[in-house]
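Participant: below is the sequence, then the predicted model.
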Amino acid sequence: MDGKLRVMFLGSPAYALPTLNALVEMEFVDVALVVTQPDRPSGRGQRLTMPPVKERAMDLNIPVLQPHRLKDDDAKAAFAEYGDFDLGVTVAYGLILPQWLLELPVKGHINAHASLLPTLRGAAPIQYALMQGEEYTGVTIQQMSRAMDAGDILWQSQEAIKDTDTAVTLAERLSRLSAEGVVETIMNMRRDAVRPVAQDHDAATFAQKISQADGCVDWSKPSKEVFNLIRALLPWPCAWTVRDGKRLKIQAASYMELPPKDVPGTISAVGYEGIEVSCGEGRLRVTYVQPENRSPMTARQFVNGYRVAPGEKWGE
């Protein structure tokens, strides 16, 4: 591989920024185009907000394309205006790439996926790794194919999941690992040292897109499973339960391997350290919550302001 590698980068959230930054720093790489999601309303004021990748691309004076759709002639024409590409690099872009776009770069597309493929294919591998109580996850650099996350493996690295991890902290580490993997894969391409490995499709598992409904706490589950749900669904949609007919988001908690005192969902104790809730097995100590239409607060503040007491039942 001689000369500059002309790269098209596809990504949207902050997770993709370490990879974009790493590509820009590679001497023989020219990031010629950044493709990202359209600006969308965000926050309480619903202010139109740029994706983090767009902001960074503008700082770097890289052309930006924000198609609403990829499966029409207008999209093809828009890409054609930027000339030819040697390689496409995708990190958390958010749309499925049609075949014509996969074939547009001469060397195809590579993708950084936040799991050890073939496990946890799909939109939410970080959340599912935490929800399932996995001890390890990782990053796979794959050659993108028509089937979702089913391409040949070009690079893979494992990452331990800490007991204190949330989706936020784990994503921070995996985003840096994704950048490392993309750089190493491109270096291997340059040396003609890439050795693709086909995935075992029979071993595939899936991590479907998360919805708000997925955050509903089932208090009949063991406390450790409820704890894993809470840390997996930060910052969105958050685990939640129902109190007095309103949703109560649970943003931080710890699990206790003590026998439950009451039926699942019942508050067993209220103390300085938090609110203890009985589960199907064990108890959960809730330490940070967000009442409906209110700001987040500590469990202590919630107890003082909302008259929480032992014997109260949470859940639908």
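Facilitator: Received the coordinates, thanks.
Participant: contacts, neighbours, all on C-alpha from now
Facilitator: Noted.
Participant: can you name the next helix or strand after the lengthiest strand in the chain?
Facilitator: Counting residues, the longest strand in the chain under DSSP state E turns out to be strand 246-256. Downstream of strand 246-256, the next assigned helix or strand under DSSP states H and E is strand 267-271.
Participant: what's the mean pLDDT across that following strand?
Facilitator: Mean per-residue pLDDT for strand 267-271: 94.
Participant: quick check: phi and psi on the closest residue to residue 168 other than its chain neighbours?
Facilitator: Nearest non-adjacent residue to residue 168, counting by C-alpha to C-alpha, 6 or more residues apart in numbering: residue 234, 6.6 Å away. Backbone dihedrals for residue 234, given as degrees, to the nearest 10, come out at phi -90, psi 140.
Participant: the one 10 residues further on too?
Facilitator: Phi and psi for residue 244, reported as degrees, to the nearest 10, are phi 50, psi 40.
Participant: quick one: contacts for it?
Facilitator: By C-alpha atoms under 8 Å, 6 or more residues apart in numbering, the contact set of residue 244 is empty.
Participant: and if we set it to 10 Å?
Facilitator: 312, 313, 314, 315, 316 (C-alpha atoms under 10 Å, 6 or more residues apart in numbering).
Participant: is it true that the third one touches residue 277?
Facilitator: When you say that, I think you mean residue 314. Yes: using C-alpha atoms under 10 Å, residue 314 is in contact with residue 277, at 8.5 Å.
Participant: neighbour count: those two, which is higher?
Facilitator: Neighbour comparison, residue 314 and residue 277: the larger count goes to residue 277, with 30 against 20 (by other C-alpha atoms under 10 Å).
Participant: residue contacts, residue 253?
Facilitator: 223, 226-228, 230-231, 274-276, 284-289, 299.
Participant: and the longest strand of the chain, which residues are buried?
Facilitator: 247, 248, 249, 250, 251, 252, 253, 254, 255, 256 (16 or more other C-alpha atoms under 10 Å).
Participant: minimum pLDDT in these, which residue is that?
Facilitator: Minimum pLDDT for the buried residues of strand 246-256 is recorded at residue 256 (91).
Participant: near the nearest residue to that residue once chain neighbours are set aside, how many other residues are there?
Facilitator: Leaving aside its sequence neighbours, residue 256 sits nearest to residue 283 (C-alpha to C-alpha, 6+ apart; 5.1 Å). As a burial measure, residue 283 scores 31 neighbours (other C-alpha under 10 Å).
Participant: residue 283 reaches residue 274, doesn't it?
Facilitator: No: contact criterion C-alpha under 10 Å: residue 283 and residue 274 do not qualify, at 11.7 Å.
Participant: list the residues that contact both of the two?
Facilitator: With C-alpha under 10 Å, 6+ apart, residue 283 and residue 274 have common neighbours residue 254.
Participant: now stretch 207-222: how far from the chain's centre is it?
Facilitator: Here stretch 207-222 shows a centroid-to-chain-centroid distance of 16 Å under the convention C-alpha atoms, centre = their mean, to the nearest Å.
Participant: returning to what we had before: what's the overlap in contacts for residue 314 and residue 277?
Facilitator: Common contacts of residue 314 and residue 277 (C-alpha under 10 Å, 6+ apart): 219, 264, 265, 266, 267.
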